[in-house]
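Colleague: quick one: sequence and predicted model below, then my questions.
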Amino acid sequence: MPSRRSVLAGGVTGAAALAAAGFTAPSYGGEYNPRKPGNRVRLTVLGTTDLHGNVYNWDYFKNAEFDNSAHDDIGLAKATTLIKAMRKQRKGEPILTLDAGDTIQGTPLAYYYAKIDPITEGATHPMANAMNLVGYDAAALGNHEFNYGLDTLRTFEEQLNFPLLGANAVDPATKRPAFRPYVIKTFRVGRGRTLRVGVLGLTNPGIAIWDKANVEGKMEFPGLVEQAKKFVPEMKKRGCDLVVISAHSGADTSSSYGDALPYPENAASLVAQQVPHVDAILVGHAHKEIAQQFVRNEKTGQQVLLCEPAYWGMRVAAMDLIVQETYTKKGRRQWTLVAAGSQVLNSNTVDADPAVVAAVQAQHDTVIEYVNSVIGTSAAAMSAARAVVEDVPIIDFVNFVQADAVKAGLTGDAATLPVLSIAAPFNRAASFPAGEVTVRDVAGLYIYDNTLLGVQVSGADVRAYLEYSARYFKQVTGTGPFTMAQVTNAVTPTAPNGTPDYNFDSVAGLDAPLTYDIDVSQPVGSRIVGLSYDGVAVADGDQFVMAVNNYRQSGGGGFPAVSTATVVYNRQNEIRQLLIDWVTANGTIDPAGFASVDWRLVSGGAPITVTS
């Protein structure tokens, strides 16, 4: 059980927090002095995004404080310290605090209060407990807000003391937003003067695909540009001096779903380019860090400020918009944007905010007990220790759950195709004991936050994929015995330190076996022998659906075919959670229901022997 100290530790608070977090006082040509505003005013926009249920700097599956190779820290508790420090430094100036979505999904803390002790039955969501203490002015809807259904989302909305915005989550009948599209905040900035700031919230059109089961017939999701063109003029007519958008949509125009929808998934830059009178955009969804980016509007020439503060609370966006009082030709006083800039503040340098820590501590402790609780039993001991050299049941389990989930979600012509699945040995130390299995046991098998997709591929694609995967093995002759180190982790031009285990994928069939040999005596590109499905040789023109993770589908590892293949399934479900849910629902993990030896390592057709 973590101590209160463990979730508080990590840095500094108070006046030193901003300097430690990398904050630099921006310069605007020496023309802005917050102590003597004169006819100039600075609006500060503070932003978070993609918190994904992270309040503490804690890895529930490792039962330890979070850490990564960059030694980032995560969690809203730490981000709050930075937010409060900025407010203190700029006390008396207008400040907005926004979030760009994906809040109630992503950790066991979030899952527990959606599924185990659901907020629809009386619990308060821990993210509501934490975010209400921060004092957000508004938050955009993320696509993952819809994962647990509209009842859960509406309950979460009711628990917040600030609005969830979604101008492009609309009622199918009226085409009007089903959530509040925007808010207008009025700040007093001097005697008899006010600054009116409009905040428009935009979410992701991909919700229509990813959460079709939850939203079909209930909500529609038109494009960000299309809805911004409707509401920005309305906000200007209502007297907004500045328009800030909180957009759960990445800056680099692209779509993981190809042309399956007429609206792009990542469209923040398009909004900046195509919608006049947008002054700044807090960007989310892409899990990227953009300290400062300007995009020129095609009609007005304005340079629109974009900032994305990474994800999970690792960073806080700090955006500055400087306005100057000017006059129209008719002599009417107005505010004109004259300068803008942004930076991101690093959470790994500061302590967690004590108030946020205290508000969620009991729920945090409850979830730690849950993660270490028994959710099922395993009929036999299973280990991933030899998964890099032989077809083992524990990897078959991953392939089975993935393929089964994809098959259940297929529609149309794709539903008639045989389903395959890919899996890699992410963690050689992963194992299921014979007997009781905990959430952590299952999570240890799948240590990444990947989501599941299904893509349509040909027989030729499957063969090319397997040949690429087989680069993992060193070329050896004879049947051994060899040690694992003698045959695995081959050095390649793109992997000079050896091909990592996570880039060795095996492929399995769901309703019939996909069988093949990997001949390690042959050169790369000529190693897959006897590739068959259900006992019949796979022809180049055969068609399959293949379950893959989003890392592979987005090009991770450089595997062929899958990054350009047609996506036929994408519900944005985390694979790790699918595994946990399967064990919870079925109770028993029995290899007899899914395990078989479908691939083997050979040399010249003869099986090789690999020791430890």
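Modeller: Noted; the coordinates are in hand.

Colleague: contacting residues around Arg440?
Modeller: Phe61, Asn63, Val371, Asn372 (CB atoms under 8 Å, 6 or more residues apart in numbering). All C-beta spots, glycine's among them, are computed from the backbone N, C-alpha and C.

Colleague: so it, which of the three states?
Modeller: Classification of Arg440 using DSSP: H, G, I helix; E, B strand; the rest coil returns helix.

Colleague: make residue 1 into 568 and carry on from there
Modeller: In the new count, where the first residue is 568, that last one comes out as Arg1007.

Colleague: pLDDT at it, what is it?
Modeller: pLDDT, Arg1007: 93.

Colleague: Ala745 is in contact with Trp732, correct?
Modeller: Slight slip there: residue 732 is Leu, not Trp. No. Checked against CB atoms under 8 Å, the pair Leu732 and Ala745 is beyond contact range at 11.3 Å.

Colleague: who's more crowded, these two?
Modeller: With neighbours defined as other CB atoms under 10 Å, Leu732 and Ala745 compare such that Leu732 has more, 28 against 19.

Colleague: show me what the more buried one is bridged to.
Modeller: Taking DSSP bridges as the rule, Leu732 bridges to Ala707, Arg747.

Colleague: for Ile812, the count of nearby residues, please.
Modeller: 32.

Colleague: let me fix that: Leu700
Modeller: Leu700, neighbours per other CB under 10 Å, totals 18.

Colleague: what helix or strand is it on?
Modeller: helix 693-701 (DSSP states H and E).

Colleague: give the other helices and strands that that helix contacts.
Modeller: Judged by 3 or more CB pairs under 8 Å, 6 or more residues apart in numbering; DSSP states H and E, the packing partners of helix 693-701 are helix 643-656, helix 675-678, helix 717-726, helix 921-938.

Colleague: tell me how far it lies from the chain's centre.
Modeller: 20 Å (CA atoms, centre = their mean, to the nearest Å).

Colleague: ok and that helix relative to helix 717-726, angle-wise?
Modeller: Relative orientation of helix 693-701 versus helix 717-726 (axes from the mean of the first three to the mean of the last three CA atoms, to 10 degrees): 20 degrees.

Colleague: sorry, back to before: neighbour count for the contacts of Arg1007 - can I get that in a markdown table?
Modeller: Converted to a markdown table, these look like this (neighbours: other CB atoms under 10 Å):
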| residue | neighbour count |
| --- | --- |
| Phe628 | 18 |
| Asn630 | 13 |
| Val938 | 22 |
| Asn939 | 14 |
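
Colleague: Met881: which of those residues is nearest?
Modeller: Phe628 (18.0 Å; CB to CB).

Colleague: pretty sure the closest one sits against Leu1012.
Modeller: No. Counting by CB under 8 Å, Phe628 does not reach Leu1012; the two are 10.3 Å apart.

Colleague: which residues do Leu732 and Ala745 both contact?
Modeller: Here Leu732 and Ala745 have no joint contacts, going by CB under 8 Å, 6+ apart.

Colleague: pop the domain breakdown of the chain in here.
Modeller: According to automatic domain parsing, the chain comprises the domains 571-936, 949-1174.

Colleague: distance of Val1129 from Ser1121?
Modeller: Noted for Val1129: a distance of 9 Å to Ser1121, by CB to CB, to the nearest Å.

Colleague: sorry, back to before: what is the rounded mean pLDDT of the helix holding Leu700?
Modeller: 98.

Colleague: sorry, back to before: with distance to Gln840 as added columns, please give the helices and strands packed on helix 693-701 in TSV.
Modeller: Shown next, in TSV, are the helices and strands packed on helix 693-701 (distance: least, CB to CB, whole Å):
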stretch	distance to Gln840
helix 643-656	29
helix 675-678	34
helix 717-726	31
helix 921-938	37
